Structure formats: C-alpha cells, structure tokens
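Peer 1: below are the sequence and a predicted model; questions follow.
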Amino acid sequence: MKKLGTARRVSWSLMACLFIWQGGEALAASPPVSYGVEADTFHPVKAQHGMVASVDATATQVGVEILRQGGNAVDAAVAVGFALAVTHPQAGNLGGGGFMMLRTASGRTTAIDFREMAPGKASRDMFLDAQGNADSKLSLTSPLASGTPGTVAGFALAAQKYGTLPLSKLLQPAIDLARKGIVVNDALADDLNVYGKEVLLNHPNSKAIFFKTDGTPYKKGERLIQRNLAHSLSLIAQQGPKAFYQGEIADEIAGEMAQHGGLMGKADLAAYRAVERQPVSGTYRGYEVFSMPPPSSGGIHIVQILNILENFDLAKMGFGSADAMQVIAEAEKYAYADRSEYLGDPDFVKVPSQALTSKAYAKAIAQKIDLAKARPSSEIKPGKLAPYESNQTTHFSVVDRQGNAVAVTYTLNTNFGSGIVAGKSGILLNNEMDDFSAKPGTPNVYGLVGGEANAVQPAKRPLSSMSPTIIAKDGKTWLVTGSPGGSRIITTVLQMVVNSIDFGMNVAEATNAPRFHHQWLPDELRVEKGFSPDTLKLLEAKGQHVKVEPAMGSTQSIMIGPDGMLYGASDPRTVDDLTAGY
Ligand code: DON
C-alpha cells in the first residue's frame, strides 16, 4: 500500500541525538530510557541524499528520479506537481493554484503565490440567489466557480528562477504518464466512484476522460489514458507557460467559459501572474518558523497559535492530555475568529500581519485562556454553525542533497474542482471561488466565515488556509511539512510542529498521532478516533463540545537529522501515498 520497501527502522540512538539536538524542551518530552529501535512507535522512511513525500507513489518516484539525475529540490517539486496533475486529478492540477515555500541550502526563504484570481468580471454578490442567499452550487460546481488558474505560471516561475533543469524536462514524466496511461489506484478509483459521479458525470468532456464507454468510472487496476491532457502538457513543454495563458489552451478555457456562462476570459488568463512573496516568519521555543503569507491565512495563524502556546508548558502536560488539548483548542478559536475578520488578499486589503503574529498579542490571548473552562465561541465572536464536507487538496515536500527544501500545497479546492474540463484541453478547472466569502457570516464549504476582507472582487485572490511550512533549528532546515484539509490545514500543520517540538515525536509519530481541531465556528472540538475517552470526558467537563469525526489532513513531511540524514513520513490517513528517497 505505502512506503513499499523504502521504510527503514531508524535506530533509537540516532533519534535520541535528534531529540537532544531539538533543544531542552523536547528533551523533557522524550522517553527517558533508550530501548533500541522499538522505542519508536512508528518509523520514518530514511534516505541520505534526497527525499520526496507526496500523496501518490508514482509522482513521488518521478521526483526521486529527477533528484537522482542531479535536479535540485525545485526541479523535483515542479516535476512532482505536473505528475500529480495526471496521477491525482482529484487535486493535482494545471487548472488550479497553490503555494510553494522554498528554503535554500544557504538559508534564504521565499514563497511563491500561484493562487487563482477572480476573473475581471467577477463581482461581490455573484454567488447570491434571488433572495440574497449564498448559493453554493454556483461557487462550487458551475462555470462561475473557477478562478483564473495559477499552477502553470507558478511552476514556470519556480523552475526558471530556482530550478536547474529546463521546464520541458520537468514536464516529460507527466506527458508520458498522460499519454501511456496510469494504472488507477485505490484512492483514485474510490474518489471517481463517489465524487466523480457527483461532479464529473454531468460534463461530457469530463465524463469522456474519467468514465468508460459503459458509463462507469475507471476502477482500480484499469489503465486511464489522458490524451488531451498529454497534448496540453506537450504544448507547455514546447511553448512555455504562454501556451496556457495566451495560446491554444487559453482558447480552450475561454471557449468553455463563454459557451456555458463562465466569466473567465482570455484577458484574465493573459493577465495572470504568479507572485513571489516574503514568507511569514516567527519563532517557537527557539525554532524558526517559515510559512505561507496572505492570501493564505495559514502562516499568520500557525505563528499566532504557536506564539500563544509558548506561554504554556505543553511538554509537561503531555500529548493527548485534556489540558494540552484545551489550551490548543482555545488558542485555535481566537486565531480563527481573527481570520474571519482580518485576512484577505494583501493586494486588496491591509492585513495586520505584524500585530497578529506579535508575541505581545499572543500573550494577551494566552492570559484569557482558562485551563479549566472553555470560552464559548459566541463570546469570542458571533457566527453561524456549518456542516463539514469531504474535500481534496494535496501537499508534497522535497529535500535535495544540497539541503534545499521545498514544500508545495496546491489544489482544485474540492475533489476534481468544479468538475468541468475545459474544452479539448483535458484540464479540470478549480472551484476556488468558493473560498471567497460569498456573503458575510455565511460559511463556505469548510464552515469558514468571513467578511469584507475576503469579499469577491475582480482580480482578487480568495483567502486560503494552505500552509506549506518549513521549520529551522540553529539556522538549518529541520522540518518540511504541509497538508490538505481545508480549514483543518492550519491545525494539522500546527500539530505536526507541536508533536515534533513539544512532544518529542519523530516525523512518523508526529504524523500518525490522532488529530483534533477547533475553528471557532462551529463551536465544536472535532477529534479523530484514538484519544482516550477519559481525556474527552475531561474536555467536555471544561465546556468543550467534543465530536468524533473522520480523519483530518494528509501530511507529507520530511525531517532532517543532525547528521543530514533525511527522515520522511506520508500520512497513514491516505492510501497510495509514498515517501521515498535515495
Ligand atoms: O485554499 C484553501 O484553503 C482550500 N481551497 C483548500 C482546499 C482543501 O484543502 C481541500 N482539501 N482537503
């Protein structure tokens, strides 16, 4: 299923070094006695020269091959990203967008924003029905759902500025996979059977690709060939991103939109730019944190929550203790309340990043947190309850032999995006417009509410939670991580950091440990299976509304040991993913 033959047991003595190197707090949380390799509950994949962790085994192998051939982490990440567009069409994409965090071996950090942009004809109330209510069908499954895609521009910018190999070489594995076909794995078969039937079947272009002539979706073990996608990828290989934004592919996308009432036109595509931004940075118990700035909310709120948590001795409380969960959940409520008010596209609204990530502000919030009693969300800020739905995004992490590290999270938003393939391009279009706040106070598909700062405006980027994150210790990259999960991304990545730093877990343990999540509204503490019922009872007694729900997130992470050894882990919550190296 996963990890194939690449998983290795990591010797306890080595991991012990890692913990010592993490600093005093982590040492306190480490098991006091060494019992040999059995001391670790779960074991990371280990490699010496380079490593890729992604949600799809074939895409991971594409990345490792690029590293082996001498490509750097950016080359490998771009090749993985293009490959995922073929092998993992639920979220891998050319028709969507995302973010790349890069930390070079020399310690330079940068963030590439290739988030979708609202078309020029978009308007504030475009997702309201005649009664003035938000209509999620419009923002999720109609031609209005798609923002102008950024993935091709983002990867081209990354490759040109930070890569070493030509874009055409990085596209070739994806072209081959699309042309020769992929063997459908469990994850794709299941998702086609459930979400594919919901969103792809209605659209003839999409149906023709993902469903067989008998009208049933491709099943596990069957070969899926994507000829039109192969053609589009080849055009980009030959002509560069112009093929997508101004050439034949732009014609197909604009044509599809014009025919079915979408707003995105050739002018929107021609005007699209990927932007390089300065990462959000902070510190946590001596570690440096680098994550995605707006239009993602992820970086700001991860740093904000970590700043709040620094005021508490989580290591002493212990993983899974009611006290630790109480503190983290309360900190999350305050952060998500701020998110709904202040966060939006920084090209349109002034996001108070400094204030939100300041230690003083965090301390003031920490003082309001009561270990014994949960503060009802309604007292923090008013809002409405919202349901959760299933969804899909994907994250991958890459480290090369020089020590360059790349974390990419990109998406079509929900599974297969809008479900619409643009004309003959073979390219699925996103439904990222749903990440705007269609109406103040009305939750989106992730139950997130927002206001003016995230209202729809022409050429604006919808607010995201995607949080590709890199942690450094003593000036060296230490942890590269990220996850899908909509609103749960921020808290999932946060728990990777806290599990690793406060609870002394290795990267596999930090990944596998059960997760929990509070997003202020709805006022519920969502937990995965695996926490002690005693803990959950204690949390209820403190006033938390505990709800056991399906698994959250799919982290793909790499940790670098003091000796430069790479330790990686794919998330056991997803099937068919793989961490591998050489
Ligand atoms: O940008 C965002 O925050 C969302 N569009 C991400 C969607 C997502 O993570 C779905 N996945 N599980």
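Peer 2: Noted; the coordinates are in hand. Numbering: from 1, shown residues only.

Peer 1: quick check, residue 526 in a strand?
Peer 2: Yes - assessed by DSSP: H, G, I helix; E, B strand; the rest coil, residue 526 belongs to a strand.

Peer 1: I'd say it and residue 551 touch.
Peer 2: No - with contact defined as CB atoms under 8 Å, residue 526 does not reach residue 551; the gap is 10.6 Å. (Glycine included, C-beta is placed from N, CA and C.)

Peer 1: compare the two (neighbour count), which wins?
Peer 2: residue 526 (23 against 16; other CB atoms under 10 Å).

Peer 1: and that one, how far is that from residue 552?
Peer 2: 7 Å (CB to CB, to the nearest Å).

Peer 1: what parts of the stretch 451-582 of the chain come near the ligand?
Peer 2: 464, 465, 466, 484, 485, 486, 489 (CB under 6 Å from any ligand atom).

Peer 1: got the residues of this protein near the ligand?
Peer 2: Residues of the chain lying near the ligand (CB under 6 Å from any ligand atom): 391-393, 411, 413, 432, 435, 464-466, 484-486, 489.

Peer 1: in helices only, show me those residues.
Peer 2: residue 489 (DSSP state H).

Peer 1: ok, so of the residues of the chain next to the ligand, who is nearest residue 195?
Peer 2: For the residues of the chain next to the ligand, the residue nearest residue 195 by CB to CB is residue 392; the value is 7.7 Å.

Peer 1: wouldn't the closest one be in contact with residue 428 here?
Peer 2: No - judged on CB under 8 Å, residue 392 makes no contact with residue 428 at a distance of 11.5 Å.

Peer 1: which one of the two has more residues nearby?
Peer 2: Counted by other CB under 10 Å, residue 392 and residue 428 do not tie: residue 428 has more neighbours, with 33 against 24.

Peer 1: pretty sure that one contacts residue 419?
Peer 2: Yes - Residue 428 lies in contact with residue 419 (CB under 8 Å); the separation is 7.4 Å.

Peer 1: any shared contact partners between those two?
Peer 2: Here residue 428 and residue 419 have residue 206 as joint contacts, going by CB atoms under 8 Å, 6 or more residues apart in numbering.

Peer 1: longest helix in the chain, by residue count?
Peer 2: Max-length helix for the chain by DSSP H is helix 322-342.

Peer 1: show me the residue of the stretch 201-350 of the chain that gets nearest to the ligand, please.
Peer 2: Across the stretch 201-350 of the chain, the shortest distance to the ligand (CB to the nearest ligand atom) belongs to residue 296, at 7.1 Å.

Peer 1: how near is that residue to residue 351?
Peer 2: 11 Å.

Peer 1: tell me which of the two has more neighbours.
Peer 2: More neighbours surround residue 296 than the other of residue 296 and residue 351, with 29 against 20 (other CB under 10 Å).

Peer 1: what strand or helix carries residue 462?
Peer 2: Residue 462 is part of no helix or strand, with elements assigned from DSSP states H and E.

Peer 1: residue 346 too?
Peer 2: Residue 346 belongs to no helix or strand, assigned by DSSP H and E.

Peer 1: burial measure for it, as a count.
Peer 2: 16.

Peer 1: can you tell me the closest non-neighbouring residue to it?
Peer 2: Excluding the flanking residues, the one nearest residue 346 by CB to CB, 6 or more residues apart in numbering is residue 294, at 4.4 Å.

Peer 1: and what of residue 547?
Peer 2: The nearest residue in space to residue 547 (CB to CB, 6+ apart) is residue 524, at 4.9 Å.

Peer 1: quick check: phi and psi on the one you found?
Peer 2: Torsion angles at residue 524 (phi, psi; degrees, to the nearest 10) stand at phi -140, psi 150.

Peer 1: backbone phi and psi for residue 301, please?
Peer 2: phi -80, psi -30.

Peer 1: I'd say it and residue 333 touch.
Peer 2: No - using CB under 8 Å as the test, residue 301 is too far from residue 333 to be in contact (11.3 Å).

Peer 1: between these two, tell me which one has more neighbours.
Peer 2: residue 301 (29 against 24).

Peer 1: for that one, which non-adjacent residue is closest in space?
Peer 2: residue 335 (4.3 Å).

Peer 1: residue contacts, the one you found?
Peer 2: So residue 335 contacts 301, 304, 305, 308, 490, 520 (CB under 8 Å, 6+ apart).

Peer 1: and residue 532, how many neighbours does it have?
Peer 2: Residue 532 has 12 nearby residues by other CB under 10 Å.

Peer 1: ditto for the one 10 residues further on
Peer 2: Per other CB under 10 Å, the neighbour tally for residue 542 reads 20.

Peer 1: who's in contact with the residue of the stretch 201-350 of the chain closest to the ligand?
Peer 2: 99, 113, 115, 463, 464, 465, 466, 467.

Peer 1: just the CA atoms of stretch 292-300, as CSV, please.
Peer 2: What follows is stretch 292-300, C-alpha atoms only, in CSV (Å, rounded to 0.1, in the frame of the first residue of the first chain):
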residue,chain,number,x,y,z
MET,A,292,2.8,31.0,3.7
PRO,A,293,1.8,34.7,3.9
PRO,A,294,-1.6,36.1,2.6
PRO,A,295,-3.5,35.3,0.5
SER,A,296,-3.1,32.3,2.7
SER,A,297,-4.2,32.6,6.3
GLY,A,298,-2.0,29.6,7.2
GLY,A,299,1.3,31.2,8.0
ILE,A,300,-0.1,34.0,10.1
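
Peer 1: state the distance from residue 45 to residue 543.
Peer 2: 41 Å.

Peer 1: counting neighbours, go ahead and name the busier of the two.
Peer 2: Relative neighbour count places residue 45 above the other of residue 45 and residue 543, with 25 against 15, counting by other CB under 10 Å.

Peer 1: okay, now the unreliable bits of the chain?
Peer 2: For the chain, applying pLDDT under 70 flags the ranges 1-38, 381-391.

Peer 1: if you set the cut-off to 80 instead, what comes out?
Peer 2: 1-39, 381-391 (pLDDT under 80).

Peer 1: the closest residue to the ligand within the stretch 251-400 of the chain and residue 330: what is the separation?
Peer 2: Relative to the ligand, the nearest point of the stretch 251-400 of the chain is residue 393 (3.1 Å; CB to the nearest ligand atom). Between residue 393 and residue 330 the distance, using CB to CB, works out to 27 Å.

Peer 1: of the two, which one has the most company?
Peer 2: For residue 393 versus residue 330, the count of surrounding residues by other CB under 10 Å is larger for residue 393: 29 against 25.

Peer 1: hmm, the more buried one is touching residue 466, no?
Peer 2: Yes - using CB under 8 Å, residue 393 makes contact with residue 466 at a distance of 6.7 Å.

Peer 1: which neighbours do the two share?
Peer 2: With CB under 8 Å, 6+ apart, residue 393 and residue 466 have common neighbours 98, 409, 410, 411, 489.

Peer 1: restricted to strands, list these.
Peer 2: If you go by DSSP state E, the shared contacts of residue 393 and residue 466 have 98, 409, 410, 411 in strands.
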